[in-house]
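1. got a structure for you, letters missing:
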């Protein structure tokens, strides 16, 4: 009696391989968008300057104390009834001052107004309305067109899957570090796998760090129970807020009018303690009341932690009430994790390193998504008629990878072409981003896959390459003038657009040369004859 074959036991590596594939695929399109927009966000301040060409090139950084005085005087007129002002001061990467203030009686997202101010005059800047690079920064961890909490929960869910994919990928590829030095060009699936492995190994510590710290930055949202159990009284919760944020909350006004002491003097005291260029923000509550408070907070550059450091003053007299230079161990750990994720502690070289390795992480996610289709196309019975699931993944890959580049470039085109007086102009720049992205999704569905890839990659190349020329035509800040005046922000953005255009052109050329390999049809086995059978037939 024949013995029944025992089912083959799957090992840990095979199980981890399945986990790696599906963890990466199910959230891969979100992760790609998060990685790419997060990569751009390392230069969001420079991009914001490029998107406001009316503002002059900042040759030197204005004195923070004088800027704070001018903006506070302006807010005393435009937002006199507001219980809270918060003034972001210019620095080497920001040529404008920003401020937001609380609207009395309003709640939710409409409880604040914001504006940008000329640091030299203190008046609102006369430039086009634009979200600038801040849109990409916000999008990469909370998306858009949905409640902020939903977006952050979705981003955290995807980041957790990313962490699972990284760990399972290391376990799956036992020769991943060896394969890093064995890249093979033009080998179809093997080349995509080699590219995925090389990009993964190149930035593996960074990818682990950026994913884990991204989760830590929103830990209070994902796991609020520990803080709820530890801080039960209002005083304890106020202490927690002070540990995590330098924003002082307005208390009930006393009703006794009192003029605001010179804000400039308070900023000077903070400069004497931390350095003249280390001041980030001034927050004022209940201006004009005896209960007014002024907080001057320290900036992030040069610090390995973003935990709040600030000096608190009595608003009516300017008397120093408190200096906070340290926080508790838990808050300090969070501050270090946050600083590692944002990368604001370093100089320009550090920022470029973050950008390059993060761009490699974006490519890692993209090659993983493409490799899923390349690997399975070889096994299709009829490559011209793949099954529905394969078609869905293939079209989503095109729209999520090539389409996103076109959408981001489209937003920059809208920044230059939309009328400056258009109502809600900043919102329409964002609408343009999503409209273009949606059109690329429709294009990916209607066109054959390879043609859709080529057409969108070449369109992205053209859109990026022509942006510096569009800038030269529509503004008085062409590349040659920026180079002559030493305006490295505008020159750098224009130059980087051409570099990204060249990268998309290279991808288009590689895609055009790629010939998908399919499984060869099986031939019927030849009829085997034996000498005895041959003799009988004879």
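-> Yep, that arrived. The shown structure was predicted, so the numbers you read here are calculated from the model rather than taken from an experiment.

2. what about this protein, any weak spots by pLDDT?
-> The model of the chain has pLDDT under 70 over residues 1-11, 106-110, 174-200, 516-538.

3. and the strands in it, which stretches?
-> Using DSSP state E, the strands found in the chain span residues 84-88, 97-102, 112-117, 279-285, 293-298, 310-314, 320-324.

4. strands paired with the fifth one, and their directions?
-> Read it as strand 293-298. strand 279-285 (antiparallel), strand 310-314 (antiparallel) (DSSP bridges).

5. what do you get for the last one?
-> Using DSSP bridges, the strands paired with strand 320-324 in its sheet are strand 310-314 (antiparallel).

6. TSV please, covering the strands of the chain and showing mean neighbour count and distance to residue 335.
-> To be clear about C-beta, it is placed using only N, CA and C from the backbone, and glycine gets the same treatment. Below are the strands of the chain laid out as TSV (neighbours: other Cβ atoms under 10 Å; distance: least, Cβ to Cβ, whole Å):
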stretch	mean neighbour count	distance to residue 335
strand 84-88	23	19
strand 97-102	21	22
strand 112-117	17	24
strand 279-285	25	14
strand 293-298	25	12
strand 310-314	22	13
strand 320-324	14	12
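
7. arrange those in TSV, one row each, with distance to residue 52 as further columns.
-> Output for the strands of the chain, formatted as TSV (distance: least, Cβ to Cβ, whole Å):
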stretch	distance to residue 52
strand 84-88	15
strand 97-102	12
strand 112-117	8
strand 279-285	20
strand 293-298	25
strand 310-314	29
strand 320-324	34
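
8. what's residue 306 sitting at in phi/psi?
-> Note on residue 306: its backbone torsions stand at phi -100, psi 20 [degrees, to the nearest 10].

9. show me the contacts for it.
-> Counting by Cβ atoms under 8 Å, 6 or more residues apart in numbering, residue 306 touches 300, 335, 338, 339, 342, 344.

10. mind doing that once more with 6 Å?
-> 300, 335, 338, 339 (Cβ atoms under 6 Å, 6 or more residues apart in numbering).

11. does the last one really touch residue 346, like I thought?
-> Read that as residue 339. No. At 9.6 Å, residue 339 and residue 346 do not qualify as touching, with contact defined as Cβ atoms under 6 Å.

12. can you pull the buried residues of stretch 420-434?
-> Residues of stretch 420-434 classed as buried by neighbour count (16 or more other Cβ atoms under 10 Å): 425, 426, 428, 429, 430, 432, 433.

13. circling back: out of the strands of the chain, which is closest to residue 486?
-> Taking Cβ to Cβ, strand 97-102 is the member of the strands of the chain nearest to residue 486, at 22.6 Å.

14. which elements pack onto that closest one?
-> Packing partners of strand 97-102 (3 or more Cβ pairs under 6 Å, 6 or more residues apart in numbering; DSSP states H and E): helix 64-78, strand 84-88, strand 112-117.

15. ok, which of these comes nearest residue 33?
-> Closest of the helices and strands packed on strand 97-102 to residue 33 is strand 112-117, at 25.3 Å (criterion: Cβ to Cβ).

16. any idea of the angle that closest one forms with strand 97-102?
-> Interaxial angle of strand 112-117 relative to strand 97-102 (axes from the mean of the first three to the mean of the last three Cα atoms, to 10 degrees): 160 degrees.

17. for strand 112-117, packing partners?
-> On a contact count with 3+ Cβ pairs under 6 Å, 6+ apart, strand 112-117 meets strand 97-102.

18. now with 8 Å, please.
-> With contacts taken as 3 or more Cβ pairs under 8 Å, 6 or more residues apart in numbering; DSSP states H and E, strand 112-117 sits against helix 64-78, strand 97-102.

19. centre of the chain to the shortest one, how far?
-> Which is strand 97-102. How far strand 97-102 lies from its chain's middle: 23 Å, per Cα atoms, centre = their mean, to the nearest Å.

20. ok, it: who's next to it in the sheet?
-> strand 84-88 (antiparallel), strand 112-117 (antiparallel).

21. tell me which residues are up against the last one.
-> Read that as strand 112-117. The contact list for strand 112-117 (Cβ under 8 Å, 6+ apart) reads 52, 70-71, 74, 79, 96-103, 106, 123-125, 127.

22. one step back: in TSV: the buried residues of stretch 420-434, plus distance to residue 412.
-> Below are the buried residues of stretch 420-434 laid out as TSV (distance: Cβ to Cβ, whole Å):
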residue	distance to residue 412
425	14
426	13
428	13
429	9
430	12
432	10
433	9
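
23. any idea which of those is closest to residue 46?
-> Among those, residue 429 lies closest to residue 46 (Cβ to Cβ), at 17.2 Å.

24. okay, the helices and strands packed on strand 112-117 in JSON lines with distance to residue 37 next?
-> Converted to JSON lines, the helices and strands packed on strand 112-117 look like this (distance: least, Cβ to Cβ, whole Å):
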{"stretch": "helix 64-78", "distance to residue 37": "30"}
{"stretch": "strand 97-102", "distance to residue 37": "21"}
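
25. quick revisit: looking at residue 339 and residue 346, which is more packed in?
-> residue 339 (19 against 15; other Cβ atoms under 10 Å).

26. hang on, isn't that one packed against residue 305?
-> Yes. Between residue 339 and residue 305 there is a contact under Cβ atoms under 8 Å: 5.3 Å.

27. name the residues contacting each of these two.
-> If you check residue 339 and residue 305 against Cβ under 8 Å, 6+ apart, no residue is contacted by both.

28. so which of the contacts of residue 306 is surrounded by the most neighbours?
-> Ranking the contacts of residue 306 using other Cβ under 10 Å puts residue 335 first, with 21 neighbours.

29. please name the residues that touch it.
-> By Cβ under 8 Å, 6+ apart, the residues touching residue 335 are 305, 306, 307, 327.
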